[in-house]
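Participant: Quick one: sequence and predicted model below, then my questions.
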Amino acid sequence: MAAKGIKCVKGVRDIFPPEIDIWKFIENIWEETFSLYGFKEIRVPIFEYTNLFQRGIGESTDIVEKEMYTFTDKSGNSITLRPEGTASVVRAYVEHNLNKESPFNKFYYIGPMFRYERPQKGRYRQFYQIGVEVFDDNSPEIEVETLEMVNFALKKLGFSKYELNVNSIGCPECRPNFIKILKEKLNENKEKLCDDCKRRIDTNPLRVLDCKKESCKTVINEMPKITEYLCEDCKKHHLRLLKLLKGRKINYVENPLLVRGLDYYVRTTFEVVVENLGAQNAILGGGRYDGLVKELGGPDISGFGFALGLDRMVIALNENIKNSFQKNPDFYLAYFGENVIDYSFSILEKFREKGISVYTNFKGRSFKSHLRLANRLNSKFVILIGEDEVKNNKIIVKNMKEGTQREIKFDDLNSFLDEISKEN
Ligand SMILES: [Zn+2]
Ligand SMILES: [Zn+2]
């Protein structure tokens, strides 16, 4: 007997048809796009040793401080369900010396991530990301090509209203100076900040710029802009990026508050935001992380990438597109009478061999209850098979909308099916 009242864990969920079709539609478009741009899939484990994320994301980030699903396994190892994808991909790249043959690599991944956050619309504790990583290309050109790819896929998905935000967060040369000045200014306004931000002034002051609380926002707007403190090389990189984006007619908004707050991120950061998601309006974000491969024990090789939230993308996707997925098979096979099942199976097989989907139901239904179910499933056509049809090697196809029906001899079935395939 099944245990009563077992529910799924708070903050996670099941995904059913027809919504799952939207997920697959989105995944397919991204995968097709990735392949056009030379990205190859990589599959990394869902859990890793905890210290990978501590080092790869940073001890003082919200993710590592508060949001990870960490447990001790039976051998006493500290294990964490991955809260994001980049650290694992970089770990794999370093561990398997993928730079040996050619350091230049372009990967993409798709899969679930886990964070213990307060659940809200578009935010789940098991959520799904699609991401890409490019190794060994530190040019603004690869960033522009990647952003162009983002545009390409978003347009194919049917997104029309979205905004690309870009920023530069400098490098280990110039950022410390900015952080020093930022800290001073934040301390002058400390009383106006929320408790989290008061703490962040010392642990991760860049992260204050990210705070969404209204009281903090007024302080943040008065803060110096990081792009005004870039060193010569960072400035050159940033200006070239903006120039190339303009040249490619990729619309963007400069957003000096867009920081990733992670130690190994340098220079370019970006985000795509859409309107109809409330506070959770970012659907995609990324940046350059040139220090990460080295930090995780590899050679000094640059990295650049982004990740998008599939859960949010499904919500944000245009309603019209959603509706076009809610489709059942056009055909329903209704059989009744004695010794008709073998013949019915062979008819079903014929349809499927021709790539035409068809439903049936085996619960010993009467003619009437078959038709009722076909109606409920919105079938356009019902294939009728009774003893007479089996004896005379034929089927009857009833058009549910027009109420007409047509008799088709088994020998003519192939040409009938070809005709339907062409129509669809
Ligand atoms: Zn710099
Ligand atoms: Zn705050």
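Facilitator: Received it, and whenever you're ready, just let me know what you need. Ligands and ions are numbered 1, 2, ... in the order given.

Participant: hey, let's count contacts and neighbours off CA atoms from now on
Facilitator: Fine.

Participant: need the helix or strand of the protein with the lowest average pLDDT.
Facilitator: Ranked by mean pLDDT, DSSP states H and E, the weakest helix or strand in the chain is helix 319-323, scoring a mean of 64.

Participant: got the contact list for the spatially most central residue of the chain?
Facilitator: The centroid of the chain falls nearest to Leu310 when counting by C-alpha atoms, centre = their mean (2.9 Å). Leu310 makes contact with Trp23, Phe127, Tyr128, Gln129, Ile130, Ile283 under the criterion C-alpha atoms under 8 Å, 6 or more residues apart in numbering.

Participant: Which strands or helices does the next helix or strand after the least confident helix or strand of the chain pack on?
Facilitator: Counting by DSSP states H and E, the next helix or strand C-terminal to helix 319-323 is strand 331-335. Here strand 331-335 is seen to pack against helix 341-353, strand 358-360, helix 367-376, strand 381-385 when contacts are counted using 3 or more C-alpha pairs under 8 Å, 6 or more residues apart in numbering; DSSP states H and E.

Participant: from the middle of its chain, how far away would the last one be?
Facilitator: If I follow you right, that is strand 381-385. Distance of strand 381-385 from the chain centroid (C-alpha atoms, centre = their mean, to the nearest Å) equals 40 Å.

Participant: same check, this time on the second one
Facilitator: In this view, strand 358-360 has its centroid 32 Å away from the chain centroid, taken as C-alpha atoms, centre = their mean.

Participant: number of nearby residues for Gly158?
Facilitator: Neighbour count for Gly158, taken as other C-alpha atoms under 10 Å: 12.

Participant: actually Lys391, sorry about that
Facilitator: 10.

Participant: separation between it and Lys398?
Facilitator: The gap separating Lys391 from Lys398 is 19 Å, by C-alpha to C-alpha, to the nearest Å.

Participant: coming back round to it: the helices and strands packed on strand 331-335: which one's closest to ligand 1?
Facilitator: Ligand 1 lies closest to helix 341-353 among the helices and strands packed on strand 331-335, at 60.3 Å (C-alpha to the ion).

Participant: Buried residues, the closest one. List them.
Facilitator: Neighbour counts over helix 341-353 (16 or more other C-alpha atoms under 10 Å) mark Ile341, Tyr343, Ser344, Ile347, Leu348, Phe351 as buried.

Participant: Let me see the contact set for Ser309.
Facilitator: No Ser there; residue 309 is Gly. Per C-alpha under 8 Å, 6+ apart, neighbours of Gly309: Phe127, Tyr128, Gln129, Ile130, Ile283, Leu284.

Participant: Please identify the helix or strand for the closest residue to it other than its chain neighbours.
Facilitator: Leaving aside its sequence neighbours, Gly309 sits nearest to Gln129 (C-alpha to C-alpha, 6 or more residues apart in numbering; 4.8 Å). Secondary structure from DSSP H and E places Gln129 in strand 126-135.

Participant: for the following helix or strand past that strand, the distance to its chain's centre please.
Facilitator: Using DSSP H and E, the helix or strand that directly follows strand 126-135 along the chain is helix 140-157. Taking C-alpha atoms, centre = their mean, one finds the center of helix 140-157 at 15 Å from the center of the full chain.

Participant: what are the ranges of the strands in the stretch 101-250 of the chain?
Facilitator: For the stretch 101-250 of the chain, strands defined by DSSP state E, counting those that start in this stretch occupy the ranges 105-114, 126-135, 162-168.

Participant: still on that earlier bit, which of the contacts of Gly309 has the weakest pLDDT?
Facilitator: Among those, Ile283 has the lowest pLDDT, at 92.

Participant: Surely that one is in contact with Phe306?
Facilitator: No - contact criterion C-alpha atoms under 8 Å: Ile283 and Phe306 do not qualify, at 10.7 Å.

Participant: Return the closest of the contacts of Leu310 with respect to ligand 1.
Facilitator: Comparing the contacts of Leu310 against ligand 1 with C-alpha to the ion places Ile283 closest, at 27.8 Å.

Participant: and the closest residue in space to Gly285 that isn't next to it in sequence, how many neighbours?
Facilitator: In space, and not counting its chain neighbours, Gly285 is closest to Glu271: 4.1 Å by C-alpha to C-alpha, 6+ apart. Neighbour count of Glu271, defined by other C-alpha under 10 Å: 24.

Participant: Now do the contacts for Glu271.
Facilitator: Counted by C-alpha under 8 Å, 6+ apart, Glu271 has contacts Leu164, Asn165, Val166, Leu258, Ala282, Ile283, Leu284, Gly285, Gly286.

Participant: so it bridges to which residues?
Facilitator: Asn165, Gly285 (DSSP bridges).

Participant: And it, what's its pLDDT?
Facilitator: pLDDT, read off for Glu271, is 95.

Participant: Ok, the one 10 residues further on next?
Facilitator: The per-residue pLDDT reported for Asn281 equals 83.

Participant: Could you measure from it over to Lys394?
Facilitator: Distance of Asn281 to Lys394, given as C-alpha to C-alpha: 57 Å.

Participant: Tell me which of the two has more neighbours.
Facilitator: Lys394 (21 against 18).

Participant: can you tell me how far the more buried one sits from ligand 2?
Facilitator: Noted for Lys394: a distance of 73 Å to ligand 2, by C-alpha to the ion, to the nearest Å.

Participant: Now do the contacts for the closest residue to that residue other than its chain neighbours.
Facilitator: What sits nearest to Lys394 in space, not counting adjacent residues and going by C-alpha to C-alpha, 6+ apart, is Lys409, at 4.2 Å. Applying C-alpha under 8 Å, 6+ apart, one finds that Lys409 lies in contact with Asn393, Lys394, Ile395.

Participant: Which of those fall within strands?
Facilitator: Lys394, Ile395 (DSSP state E).

Participant: still on that earlier bit, next, format the helices and strands packed on strand 331-335 as CSV and append distance to Glu228.
Facilitator: Formatted as CSV, those follow (distance: least, C-alpha to C-alpha, whole Å):
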stretch, distance to Glu228
helix 341-353, 63
strand 358-360, 63
helix 367-376, 63
strand 381-385, 67
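
Participant: Low-confidence ranges, the stretch 201-350 of the chain, go.
Facilitator: Scanning the stretch 201-350 of the chain with the threshold set as pLDDT under 70 gives 261, 276-280, 318-320, 322-326.
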